[in-house]
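Q: no sequence on this one, just coordinates:
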């Protein structure tokens, strides 16, 4: 006897990540939602990098229920929400004509989310007096997007956060893609010489970006030791209840017939300044297909080889070759093979590296160390000291690229 279908299922859609802790946090949110709504059938899928992929997750849930509500775990409405989810929904509707699919809005701009961000900053600072707040600058840090719609919403959310808090300044900034960057924003606010700078990552879940933020703030603190610079918890770093309640609000809006996607600021539907070429469904479709294919290929997969530790670039252009770079390359490869590093340190002969007259030029990444005047006789020392021992060969260093 077949199992009767449930009426409604909730499918959460995350971005996906190579960071296991980030995915664990997404699951922790979904578990919190299940606990709050044990009567609902709940699924989870990802746009990229993590299984199950959105189309497979949609098929799985649609085979069990009569109605699927797709809930993006995205803070703002950008390309994934505008393109990838609608395309996956269109396919799912064709494959499951008897199932009703409903798209729910992204988290978006809401005073409760601004309040949640403030509570997360308070978790770092504790209650601030009016005087302490007036001496504190907050750098509100968003993910950053090539979609002006999403960046605009982030700035609006930042303004909601700032209203009535009494901070000396609340400066919006972005981890990547959009400007100002975190580094630029920190340099700006440092000129005002506040007592305290608080970086508030407006990110839903943890991940590699958060690690990058902590590293950047630590570097800033080294450069400006007289300023107190700290990083506040991100949104999911604490009780999940506020996030679950906000999702409930968005689901109720969708069930009441609310518009699932805002079109007024969409670059694919409205000719925004500088982005007029993006208008039109075909362009949006092509962008989404290209993005999905390239990122699927970048997803974590089992490796038949060990991860590369260092990449050594050796100039093989005419000037360096005449000075012995070809023999140097062979010597480096032989030595690496002797010490068992041939599979984890790659030697690449390059075109001109712009140091003619000073070569042979060698650059070691990810360390960013450039050497000059390196000869075949230096190969052993370079391998033993730098490529194996992680100690610079100072007498040969030309530059350190940060």
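A: Thanks, I have the structure now. As the structure is a prediction and not an experimental result, all values here were calculated from the model.
Q: need the residues that contact the helix or strand containing residue 216.
A: Element membership for residue 216, per DSSP states H and E: helix 208-223. Contacts to helix 208-223, defined as CB atoms under 8 Å, 6 or more residues apart in numbering, come from residues 17-19, 22, 141, 143, 175-176, 182-183, 186, 190, 199, 201, 203, 227, 229-231, 234. From N, CA and C alone the C-beta is placed, and that goes for glycine too.
Q: give me the buried subset of these.
A: With neighbours counted using 16 or more other CB atoms under 10 Å, the contacts of helix 208-223 contain these buried positions: 17, 19, 22, 141, 143, 175, 182, 186, 190, 199, 201, 203, 227, 229, 231, 234.
Q: which among those residues gets closest to residue 45?
A: Residue 45 lies nearest to residue 17 out of these, by CB to CB, at 13.7 Å.
Q: please verify my assumption that the closest one contacts residue 50.
A: Yes: using CB atoms under 8 Å, residue 17 is in contact with residue 50, at 6.3 Å.
Q: okay, and the common contacts of those two?
A: residue 23.
Q: show the pLDDT at residue 323.
A: Looking at residue 323, its pLDDT stands at 93.
Q: so how far is residue 373 from it?
A: Using CB to CB, to the nearest Å, residue 323 is found at 8 Å from residue 373.
Q: more neighbours, the two?
A: Each of residue 323 and residue 373 has its neighbours counted (other CB atoms under 10 Å); residue 323 has more, 20 against 15.
Q: contacting residues for that one?
A: So residue 323 contacts 359, 360, 375 (CB under 8 Å, 6+ apart).
Q: of these, which is the nearest to residue 28?
A: residue 360 (52.2 Å).
Q: I'd like to know which of the contacts of residue 323 are buried.
A: Neighbour counting over the contacts of residue 323 (16+ other CB under 10 Å) leaves 359, 360 as the buried ones.
Q: Throw the contacts of residue 323 into TSV and include distance to residue 117, thanks.
A: Shown next, in TSV, are these (distance: CB to CB, whole Å):
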residue	distance to residue 117
359	52
360	52
375	56
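Q: what about the helices in the stretch 151-300 of the chain?
A: Applying DSSP state H, counting those that start in this stretch to the stretch 151-300 of the chain gives helices spanning 182-190, 208-223, 241-255, 281-297.
Q: my bad, the stretch 301-402 of the chain
A: 318-322, 325-338, 379-381.
Q: out of the ones you listed, which gets nearest to residue 117?
A: Using CB to CB, the helices of the stretch 301-402 of the chain put helix 325-338 closest to residue 117, at 48.9 Å.
Q: from the chain's centre, how far out does the closest one sit?
A: 37 Å (CA atoms, centre = their mean, to the nearest Å).
Q: make residue 1 into 51 and carry on from there
A: Okay, residue one is now 51; in that scheme the one you just asked about reads as helix 375-388.
Q: who's in contact with it?
A: Taking CB under 8 Å, 6+ apart as the rule, helix 375-388 contacts 362, 364-366, 392, 395, 397, 399, 409-412, 424-426, 428-430, 432-434, 437.
Q: list the buried residues of that helix.
A: Applying 16+ other CB under 10 Å to helix 375-388 flags 375, 376, 378, 379, 381, 382, 383, 385, 386 as buried.
Q: just stretch 207-226 next, same as before
A: For stretch 207-226, by 16+ other CB under 10 Å, it's 207-208, 210-212, 217-218, 220-225.
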